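>>> predicted model follows, preceded by the sequence.
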Amino acid sequence: QVQLVESGGGLVQPGGSLRLSCTASGRIRRIYAMGWYRQAPGNQRELVAIMSSGSSTNYADSVKGRFTISRDNAENTVYLEMNSLKPEDTAVYYCNADIERSPTNLRRNYWGQGTQVTVSS
């Protein structure tokens with residue numbers, strides 16, 4: 001069993017900051033890409049930021065320069081530092097990871113349960 005557990009969401013004023021964390025646990029042989037997606041009411045889930053196992057990154061245009069993704073591979077954890085938050089950043093944020101399990105070597109995508117981020121005055 002592999003699980004992704006997120007934390008760090010909440011309510012913040014426009015211009016504020018939040019840091020999201022997501023830790024993968026279970027029988028893991030290797031983690032490839034880890035990233036963050038978000039889904040606002042009435043919208044489709046969209047990519048926010050993703051980091052490969054080799055540390056290359058990709059960001060949605062709407063968050064470039066404001067959000068930073070990072071990883072601690074020893075802890076199987078991915079972070080999303082969010083600065084200069086805007087009301088339009090309000091959404092449920094989901095962690096995603098491409099994981100190869102042990103001992104089966106089966107590889108698939110996993111999702112966290114989601115954490116609410118609300119940007120409002």
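On my side now, so go ahead. Numbering: from 1, shown residues only.

>>> check contacts around the residue nearest to the spatial centre of the chain.
In the chain, the C-alpha nearest the mean C-alpha coordinate belongs to W36, at 2.7 Å (CA atoms, centre = their mean). W36 is in contact with 20, 22, 47-50, 69, 78, 80, 93-96, counting by CB atoms under 8 Å, 6 or more residues apart in numbering. The way it works is simple: take the backbone N, C-alpha and C, and place the C-beta from them, glycine included.

>>> just the pLDDT at T104, thanks.
If you check T104, the pLDDT there is 88.

>>> just to revisit the earlier point, which residue packs closest to the residue nearest to the centre of the chain, ignoring adjacent ones?
Nearest residue to W36, sequence neighbours excluded (CB to CB, 6 or more residues apart in numbering): V48, at 4.4 Å.

>>> and for the strand or helix carrying Y94, what are the contacting residues?
Under the criterion of DSSP states H and E, Y94 resides in strand 91-101. Strand 91-101 is contacted from outside by 2, 4, 6, 9, 20, 22, 24, 26-40, 43, 45, 48, 50, 78, 80, 106-117, using CB under 8 Å, 6+ apart.
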